[in-house]
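> model the structure of this input:
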Amino acid sequence: MINFGGRGQAHSRYFSEDAYKMASEPKELMIIPNTVHVDLYDKISVIPFDKLTAFFNQSLK
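Just a heads-up that it's a prediction; the model follows:
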């Protein structure tokens, strides 16, 4: 799973998109609206824990 903050066009977004293209299945690219990369470090209210949990529960069987 690759998470990416999605406010505007961050110059590093292509790193996430390139990594996603090269990754094998299962994979999911999440672009979190109205956030920047560092928001996903510690802003609990914007981290999509439900999606993360569902992805890893399904993928790590």
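> alpha carbons only for contacts and neighbour counts from here, please
OK.
> for this protein, which segments count as helices?
13-22, 39-42, 49-59 (DSSP state H).
> possible to save the ones you listed as CSV with mean pLDDT, distance to Ile32 and mean neighbour count?
CSV is the format used below for the helices of the chain (pLDDT from 0 to 100; distance: least, CA to CA, whole Å; neighbours: other CA atoms under 10 Å):
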stretch, mean pLDDT, distance to Ile32, mean neighbour count
helix 13-22, 88, 12, 13
helix 39-42, 86, 9, 13
helix 49-59, 95, 11, 11
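> take those and lay them out in a markdown table including distance to Glu28.
Output for those, formatted as a markdown table (distance: least, CA to CA, whole Å):
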| stretch | distance to Glu28 |
| --- | --- |
| helix 13-22 | 8 |
| helix 39-42 | 16 |
| helix 49-59 | 8 |
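> nearest to Pro33, out of those?
When these are compared by CA to CA, helix 39-42 sits nearest Pro33, at 10.9 Å.
> any idea how far the residue lying farthest from the centre of the chain is from Tyr20?
No residue in the chain sits farther from the centre than Lys61, which is 20.5 Å out by CA atoms, centre = their mean. According to CA to CA, to the nearest Å, Lys61 and Tyr20 sit 21 Å apart.
> out of the helices of the chain, flag the one nearest Ile31.
Of the helices of the chain, nearest to Ile31 by CA to CA is helix 13-22, at 9.2 Å.
> which non-adjacent residue is nearest Ser59?
With sequence-adjacent residues excluded and distances taken as CA to CA, 6 or more residues apart in numbering, Ser59 is closest to Pro26, at 6.4 Å.
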